[in-house]
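> Turn this into a structure:
(one chain, ligands or ions: 1)
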Amino acid sequence: MSGTTDSLAELERRAAHRRDRPAYGHDALIACDRLVRIFAKRGGGDAVEVQALQGLDLLVREGELMALVGASGSGKSTLMNILAGLDVPTAGSARVAGRDLLTMDAKARLRYRREVVGFVWQQTARNLLPYLTAAQNVALPLQLAGRPRRERAARAAELLSLLGVADCAERRPRQMSGGQQQRVAIAVALANAPAVLLADEPTGELDSATGRQVFAAFRRANEELGTTIVVVTHDQAVAGEVRRTVAIRDGRTSTEVLRRTEVDETGTESLVAREYAMLDRAGRLQLPAEYTAALGMRDRVLLELEDDHVQVWPDGNGTRDRGGTPDRDGTPDPDPDPDPDRDRDRDRDRDRDGNG
Ligand SMILES: Nc1ncnc2c1ncn2[C@@H]1O[C@H](COP(=O)(O)OP(=O)(O)OP(=O)(O)O)[C@@H](O)[C@H]1O
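Numbers count the residues shown, from 1 in each chain. Alright, predicted model coming up:
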């Protein structure tokens, strides 16, 4: 009887622990958890499903300026449209600034688009109304939010000045360069002080020097206003300028590069970039394609747990015939060899193979 009482108490304790454990991404401003988006597409008369997002995990902290990169068709725009509240995921969860993007009704979605997120598109013409001046374009979202006229004018002037386009205030879009139009577009997107600014290829139509100026405007907004910014870009120069670049591959986040400034013993500062693979909540790891190609890794790899890291080896047709690892015909050895010399042999094998 006492055993039953103990196990019940233990079960309750474990349930309470699970309940009290913070949820995944609880402290992130953007939290995507196993996000799935399936599109139904007609192809040659048959309905075909396209899995644009296949269980994508992404956390973005408040105040971050980060870039999303990935090959064409990897799912970047699909993700951005979901975060912008323009599209609804098929499964998984997505939360931005406390809003659940799957369960919002139409009214909440409209408020979300007006108040929580700002958006800058690639096509300069899509961001601004052609018959309004830059100042009027920036004031428009404030007018829709019911802000008084004086406040609207002051906010427009402040943002245009912050982004270095104060001289464009009275010009219409066709009287501005592409780079100026994009900087005004950033001001429009920031007008209602959104929690998150999303930009899909904002420098895609610009030459690289102008692209850098536009990117400097994003950085300014991030540093001066503290706005969290997510930029999708193909532009390597832009991706290299942010502290964190997340790569999307086949509808999932695959790797991320973190950059930080290090100071050596002589006091010289340098920017150090390190690439990390993403480990999802189920423990799945996607190796970068260039790594698997370089070592001819296919179908399966050998893993070895060391004290402070895990080693990943090419399968090599099962020639590493050791305890628990596949043998020559690929069958795992059911009775691992407890030979204490195994580690030494393994190290010797590795030196011989040049894999150490
Ligand atoms: N509305 C849609 N209907 C059907 N398929 C779609 C739709 N939108 C996107 N897709 C498909 O989903 C996949 C991901 O598309 P997405 O536009 O998100 O990629 P991307 O990484 O933004 O590409 P790009 O860099 O070329 O813009 C692609 O295979 C695309 O064809």
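
> Can you report phi and psi for V230?
With angles defined as degrees, to the nearest 10, V230 sits at phi -120, psi 120.

> Just give the closest residue to it, not the sequence neighbours.
L198 (5.4 Å; CB to CB, 6 or more residues apart in numbering). C-beta here means a position set from N, CA and C on the backbone, and glycine is covered the same way.

> same question for the helix or strand in which the one you found is found, mean pLDDT?
Using DSSP states H and E, L198 maps to strand 196-200. Mean per-residue pLDDT for strand 196-200: 95.

> Each with direction, which strands does it pair with?
strand 117-120 (parallel), strand 228-232 (parallel) (DSSP bridges).

> and the residue of the stretch 251-356 of the chain nearest the ligand?
Using CB to the nearest ligand atom, the single residue of the stretch 251-356 of the chain nearest to the ligand is G251, 7.0 Å away.

> quick check, stretch 226-242 touching the ligand?
No: Stretch 226-242 stays clear of the ligand (CB under 6 Å from any ligand atom), getting no nearer than 6.7 Å.

> Give me the buried positions along that stretch.
By 16 or more other CB atoms under 10 Å, the buried positions in stretch 226-242 come out as 227-233, 235, 238-239, 241-242.

> which residue ranges form the strands in the stretch 251-356 of the chain?
Taking DSSP state E, counting those that start in this stretch as the criterion, the stretch 251-356 of the chain contains strands spanning 252-263, 269-277, 301-305, 310-314.

> Mean pLDDT, mean neighbour count and distance to L144 for the ones you listed - can I get that in JSON lines?
JSON lines is the format used below for the strands of the stretch 251-356 of the chain (pLDDT from 0 to 100; neighbours: other CB atoms under 10 Å; distance: least, CB to CB, whole Å):
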{"stretch": "strand 252-263", "mean pLDDT": "85", "mean neighbour count": "16", "distance to L144": "34"}
{"stretch": "strand 269-277", "mean pLDDT": "84", "mean neighbour count": "10", "distance to L144": "41"}
{"stretch": "strand 301-305", "mean pLDDT": "91", "mean neighbour count": "13", "distance to L144": "54"}
{"stretch": "strand 310-314", "mean pLDDT": "92", "mean neighbour count": "14", "distance to L144": "53"}
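
> Please convert those to CSV, extending it with distance to M104.
Below are the strands of the stretch 251-356 of the chain laid out as CSV (distance: least, CB to CB, whole Å):
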stretch, distance to M104
strand 252-263, 23
strand 269-277, 32
strand 301-305, 42
strand 310-314, 40
